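**Student:** Show me how the following folds:
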Amino acid sequence: MKRRTFVTATLAAGLGLAFNAHAATQWDLASAYPAFNFHTQNLEQFAKDVSGATNGDVKITVHSGASLFKMPEIKRAVQGGQAQAGEFFMVSFQNEWQPFGLDGLPFLASNYDDAWKLYQAQRPALDKKLDQQGMKLLYAVAWPPQSIYSNKPINSVDDLKGMKWRVYSPTTARIGELVGAQPVTIQEAELTQALATGVIEGLITSSATGADNKLYEHMKYFTNVQAWIPKNAVVVNKKAFSALPKAEQDAVLKAAAQAEERGWKTSRQVDADSIAKLKAGGMQVVEPSAELRAGLAKVGDTVIQEWTAKAGDEGKQVLDAYRASK
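**Tutor:** Numbering: from 1, shown residues only. Below you'll find the model as predicted:
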């Protein structure tokens, strides 16, 4: 009886070891955007693709809506290993490293083709910086172009003076200062409440953010200035990625490449669909006047000059590489 018990226990232990050796790798991926946002839906498809390609050996759980970490906390959480992966809005971290804010410079890249060229010029520096910070860039996807929402017509930069202006990055704050607005830092999750309570009176953001948050319920005008096209970066903790077998690393990278291609294509369609939703909601979608374009271009030149001075040789090399690609 004792021998049978010993054999049974030994067999059970062996089976347990075998099970543990093949246990699935579990990753938590933190995102600040709602489940219905196209970035989040792309993350969910990425997670499905990774699971399918690895036969379930790598499972990624997407935590949307800032349910795991708030937007400003996500990058550091991935760096520190509190989350294996995460998505962050690069321009919000410009003060940490100036090239993070490159795709938020006004009128540097205002259409998708130029935005893609900018990303290609930016990518080597991004890879190097994130590697130094203990992370790996999986992919990045553009938001639709950023335009102005307001309750009054904006025909020139003078119309922005005194406005309580929502900001989400150093660049949007600087633009607010240059046009004489009152910058107020508001995260997307707080946007609707801030508008409803009058904390902000105007903002510059994407058509997708406007449609997602039903800004037509609070704002009357969408002035389609297409000032810049910022990106979300999806990153993984370097140690977590390195712990995967080579075949699983390759599967993750292949799924990431597919997510990047899919995301950029989707972003273009989302822009068109979102503008249609704004119109359907009663918002007036207007093209910027020549005076407004000229005024914003002047502001943009100032912001780019200031950024270049802060970014040093590293930033200048990326900017030169982008300009040479056009």
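**Student:** just the helices in this structure please.
**Tutor:** Ranges of helices in the chain, per DSSP state H, are 2-21, 38-53, 71-80, 112-132, 170-178, 191-196, 207-212, 238-242, 246-280, 290-325.
**Student:** In the chain, where is pLDDT below threshold?
**Tutor:** Applying pLDDT under 70 to the chain flags residues 1-22.
**Student:** Distance-wise, check the residue nearest the centre of it relative to residue 138.
**Tutor:** By CA atoms, centre = their mean, the chain has its centre lying nearest to residue 232, at 1.9 Å. To residue 138, residue 232 is 11 Å away according to CB to CB, to the nearest Å. Any C-beta I mention is one placed from the backbone N, CA and C, and that applies to glycine too.
**Student:** for residue 95, same thing?
**Tutor:** Separation of residue 95 from residue 138 (CB to CB): 24 Å.
**Student:** How many residues are close by residue 239?
**Tutor:** A count of nearby residues for residue 239, using other CB atoms under 10 Å, gives 12.
**Student:** Who are the contact partners of it?
**Tutor:** If a contact means CB atoms under 8 Å, 6 or more residues apart in numbering, then residue 239 has 81, 134 as its contacts.
**Student:** re the thing from before, looking at residue 95 and residue 138, which has the bigger crowd around it?
**Tutor:** residue 138 (23 against 11).
**Student:** which residues does that one contact?
**Tutor:** Counted by CB under 8 Å, 6+ apart, residue 138 has contacts 85, 234-236, 252-253, 256, 259.
**Student:** Could you dump those residues into TSV and include distance to residue 39?
**Tutor:** Listed next are those as TSV, based on distance: CB to CB, whole Å:
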residue	distance to residue 39
85	14
234	9
235	14
236	16
252	18
253	19
256	14
259	10
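**Student:** what's near enough to touch residue 169?
**Tutor:** Applying CB under 8 Å, 6+ apart, the residues contacting residue 169 are 89, 91-92, 94, 101, 104, 230.
**Student:** Not counting its neighbours along the chain, what's nearest it?
**Tutor:** Sequence neighbours aside, residue 91 is the residue nearest to residue 169 in space, at 4.2 Å (criterion: CB to CB, 6 or more residues apart in numbering).
**Student:** if I read this right, the one you found contacts residue 174, doesn't it?
**Tutor:** No. Using CB atoms under 8 Å, residue 91 makes no contact with residue 174, being 11.6 Å away.
**Student:** Hmm, residue 93 is touching residue 75, no?
**Tutor:** Yes. Counting by CB under 8 Å, residue 93 touches residue 75, with 6.4 Å between them.
**Student:** So residue 44 versus residue 26, what's the distance?
**Tutor:** Going from residue 44 to residue 26 by CB to CB gives 16 Å.
**Student:** With neighbour numbers in mind, choose between those two.
**Tutor:** Legend: neighbour count by other CB under 10 Å for residue 44 and residue 26, higher for residue 44 (15 against 10).
**Student:** Let's see stretch 24-43 as CSV, backbone CA atoms only.
**Tutor:** Taking Å, rounded to 0.1, in the frame of the first residue of the first chain, the C-alpha atoms of stretch 24-43 are listed here in CSV:
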residue,chain,number,x,y,z
ALA,A,24,0.9,29.4,-20.5
THR,A,25,2.7,32.7,-20.1
GLN,A,26,0.3,35.3,-18.9
TRP,A,27,0.8,39.0,-19.7
ASP,A,28,-1.3,42.0,-18.5
LEU,A,29,-1.5,44.8,-21.0
ALA,A,30,-2.6,48.2,-19.7
SER,A,31,-4.5,50.7,-21.8
ALA,A,32,-6.2,54.0,-20.9
TYR,A,33,-8.8,53.9,-23.7
PRO,A,34,-12.3,52.5,-23.6
ALA,A,35,-13.1,49.1,-25.0
PHE,A,36,-14.9,50.5,-28.1
ASN,A,37,-11.9,52.7,-29.1
PHE,A,38,-10.2,51.5,-32.3
HIS,A,39,-6.8,51.4,-30.5
THR,A,40,-8.2,49.1,-27.9
GLN,A,41,-10.0,46.9,-30.4
ASN,A,42,-6.6,46.6,-32.2
LEU,A,43,-5.0,45.5,-29.0
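**Student:** quick one: buried residues of that stretch?
**Tutor:** Buried residues in stretch 24-43, counted by 16 or more other CB atoms under 10 Å: 25, 27-33, 37-43.
**Student:** Check stretch 215-235 too.
**Tutor:** Neighbour counts over stretch 215-235 (16+ other CB under 10 Å) mark 215-216, 218-219, 221-223, 225-235 as buried.
**Student:** what distance separates the start and the end of it?
**Tutor:** End-to-end distance of stretch 215-235 (CA to CA, to the nearest Å): 30 Å.
**Student:** how far out from the middle of the chain is it?
**Tutor:** Between the centre of stretch 215-235 and the centre of its chain there are 12 Å (CA atoms, centre = their mean, to the nearest Å).
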